[in-house]
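A.B. asks: Below is the sequence, then the predicted model.
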Amino acid sequence: TVKATESGKTEWRIEVDGKGSGALWKIDFPRVCGLRSLGTSRLAVPLYLGRVVTNPAVNGYTLTLGYPQPASMQCFAFWTHDQGDGKPAASSGDETGWLPDESAAEGLYLAAEDGQGYLKQFTTKADRQNATLNWWVEQIPSVKTWPLPKDAKLRRMRYQSPYPVVLAPYVGDMHEAAVLYRDWAKEQVWCQRGKQEDWPDEVKPGSKNEALWTPPWFRQIACWLKYYHEPAKILPEFAAYQKWLNVPMASHWYRFNISKFDDNYNEMLPGDPYLLQGIQDAKALGVQPLPYINGVIWDTDTESWHRENGLAAAVKDEAGEFVPWDIHGEINAHMCPVEQWRAKMREVVRKLVGEHGMSGVYLDCLAATRTMPCYDPKHGHPIRGGKYRSDGNRKLMYDLRADARSYAPEACFFTEEIGESFVDVMDGFLTLDYLRSYCRSGERVFPFFSLVYHPYTINFGSDAAIGQDPDAFRLQMGTLYAWGSQPLLSSIIAKTP
């Protein structure tokens, strides 16, 4: 069905009802084909912080994004015009990373208005022969049983879209498209806290709002320090930077434990022999330490994996096997956010924050991994399709925050990359797109996500380090500052400022 709305959008839904053998596996709906350029065209896609693609059809641009990760939002925007070559007015001809004013362009906007977070995929695919661009949304139904019945008996298959996909013409570029999306997004549960300017400085202990609250200290951080060293190496740097800058600071801290990096997830202890003293000294210097853990995997050669039957909570593929992640020869299992895994995360955080006094925790990869359907019927969630990943991860973070705030009222949490479903249950996001992303032909990193959600959350991150070429340092720091990020200094090798 297609329904016109008073706002100028059209809502598209599909219902499938029939009989067949096997299973209804996916539904590509709607399909929007034949988008053409008037001369210069651009496409905005929600890959993490965001990407803008110049002349996507000519460049043969093709991309499929799973949601809720790595798609940070649920929309595409395409705009085109016949004025100029599409390069910034101040440019000598080379790409500068900035875009010209295209507020008079003709645009088309597509979005899935799904506030519950169902698994889905967004695809944009260029037809270079015809110089056109095609879009579609892959809706993923759940299946009743797994494994599927082996016989060829015909069974009823039914699917009804649980959300509308909307299309709307508009005038402008990604900024105007972001306004269209924000008008819908601000009414969703992940924006329930309101804008940062309205966040309270304190909340009632034990209330629901306590688990969703971001304390003032986290909002006021003026410089992040990302380090990979034991306390003896980084404390002198903390002291030097604090003396040099004299601003509120926090540290995104790796390698605080005795295990080698990327091993024994998530048995992150024992720590360095001087860890406890180092945490106390860091706080005394005015630097809030937040250690690194991984929020999505469990190392399969750890004692806890075997003792606690970690396999039971792992994501299962179609063959019933766990989905592996090989990191330097260490085989980790991707975890499904069922209660067993959520409880494990609360245990790990309690040890780091409650017992060691960390100021919070960085949960790597929660917003950065790919969408993985799970086929384990013992987990109790719908098989394959559904909203269990969004629900499970939101509950993981809400319960973890509520538990941590019971013993550390101002503990804070952030994750790698960025995603709308975490906006109200994360205090912030580490976004490293700017220098770490592979860009396809015509593609550049641009803060599409921030155009929508900057008033509602905090992000930070860079690979800027003392010792870099000064122009490269200034470009990176200046760009991210202009994009609304808190500044971050990164160092794998300890250096004096």
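C.D. replies: Structure's in. What do you need?

A.B. asks: and Gln288, helix, strand or coil?
C.D. replies: Per DSSP: H, G, I helix; E, B strand; the rest coil, the secondary structure class of Gln288 is strand.

A.B. asks: Let me fix that, I meant to ask about Thr371.
C.D. replies: Following three-state DSSP, we place Thr371 in the coil state.

A.B. asks: number of nearby residues for it?
C.D. replies: As a burial measure, Thr371 scores 16 neighbours (other C-beta atoms under 10 Å). To be clear about C-beta, it is placed using only N, CA and C from the backbone, and glycine gets the same treatment.

A.B. asks: ok, and the closest non-adjacent residue to it?
C.D. replies: Sequence neighbours aside, Gly66 is the residue nearest to Thr371 in space, at 3.0 Å (criterion: C-beta to C-beta, 6 or more residues apart in numbering).

A.B. asks: ditto for Asp183
C.D. replies: The shortest distance from Asp183 to any non-neighbouring residue, by C-beta to C-beta, 6+ apart, is to Ser7 (7.9 Å).

A.B. asks: wait, is that neighbour part of a helix?
C.D. replies: No. Assigned with three-state DSSP, Ser7 falls outside any helix and is coil.

A.B. asks: How confident is the prediction for the nearest residue to Val143 once chain neighbours are set aside, by pLDDT?
C.D. replies: Nearest residue to Val143 in three dimensions, chain neighbours excluded: Ala23, at 4.6 Å (C-beta to C-beta, 6+ apart). Looking at Ala23, its pLDDT is 91.

A.B. asks: can you check Thr96 too?
C.D. replies: Thr96 is given a pLDDT of 47.

A.B. asks: quick one, helices of this structure?
C.D. replies: Here the chain has its helices, by DSSP state H, at 174-185, 208-212, 216-219, 231-245, 275-285, 303-307, 339-349, 388-407, 433-436, 448-453, 470-482.

A.B. asks: Identify whichever of the ones you listed lies nearest to Cys191.
C.D. replies: helix 174-185 (6.3 Å; C-beta to C-beta).

A.B. asks: Now the closest one: buried residues?
C.D. replies: Residues of helix 174-185 classed as buried under the neighbour-count rule (16 or more other C-beta atoms under 10 Å) are 174, 176-178, 180-182, 184-185.

A.B. asks: who touches the nearest residue to Phe76 once chain neighbours are set aside in this structure?
C.D. replies: Leaving aside its sequence neighbours, Phe76 sits nearest to Leu110 (C-beta to C-beta, 6+ apart; 4.7 Å). By C-beta atoms under 8 Å, 6 or more residues apart in numbering, the contact set of Leu110 is 32, 75-77, 135, 137, 165-167.

A.B. asks: what pairs with Leu110 across the strands?
C.D. replies: Beta-bridge pairing for Leu110 (DSSP bridges): Phe76, Leu167.

A.B. asks: Ala71 is in contact with Arg51, isn't it?
C.D. replies: No. Ala71 is not in contact with Arg51 according to C-beta atoms under 8 Å; the separation is 11.1 Å.

A.B. asks: Would you list the phi and psi of the residue nearest to Val143?
C.D. replies: Here is the backbone geometry of Ala23 (degrees, to the nearest 10): phi -150, psi 150.

A.B. asks: What about Ile221? Give its phi and psi, please.
C.D. replies: Main-chain torsions, Ile221, degrees, to the nearest 10: phi -60, psi 130.

A.B. asks: Quick check: it touching Gln486?
C.D. replies: Yes. Contact criterion C-beta under 8 Å: Ile221 and Gln486 qualify, at 5.7 Å.

A.B. asks: Gly320 and Asn130, how far apart?
C.D. replies: Per C-beta to C-beta, to the nearest Å, Gly320 is found 43 Å from Asn130.

A.B. asks: Sorry, wrong one. I was asking about Trp199.
C.D. replies: Per C-beta to C-beta, Trp199 is found 50 Å from Asn130.

A.B. asks: So the two - more neighbours on which side?
C.D. replies: Neighbour tally, Trp199 and Asn130, criterion other C-beta under 10 Å: the higher count belongs to Trp199, 16 against 12.

A.B. asks: From Leu212, how far off is the more buried one?
C.D. replies: On the measure of C-beta to C-beta, Trp199 and Leu212 end up 10 Å apart.

A.B. asks: Kindly report the same for Val323.
C.D. replies: Distance from Val323 to Leu212, counting by C-beta to C-beta: 31 Å.

A.B. asks: ok, back up a step: ok, so of the contacts of Leu110, who is nearest Ser259?
C.D. replies: Closest approach between the contacts of Leu110 and Ser259, by C-beta to C-beta: Cys75, at 41.1 Å.

A.B. asks: The closest one - how many residues pack around it?
C.D. replies: Counted with other C-beta under 10 Å, Cys75 comes out at 25.

A.B. asks: residues contacting it?
C.D. replies: Counting by C-beta under 8 Å, 6+ apart, Cys75 touches 46, 109-112, 177, 180-181.

A.B. asks: can you put those residues in a markdown table and add distance to Lys387?
C.D. replies: Formatted as a markdown table, the contacts of Cys75 follow (distance: C-beta to C-beta, whole Å):
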| residue | distance to Lys387 |
| --- | --- |
| Pro46 | 18 |
| Tyr109 | 24 |
| Leu110 | 20 |
| Ala111 | 17 |
| Ala112 | 12 |
| Ala177 | 25 |
| Leu180 | 23 |
| Tyr181 | 19 |
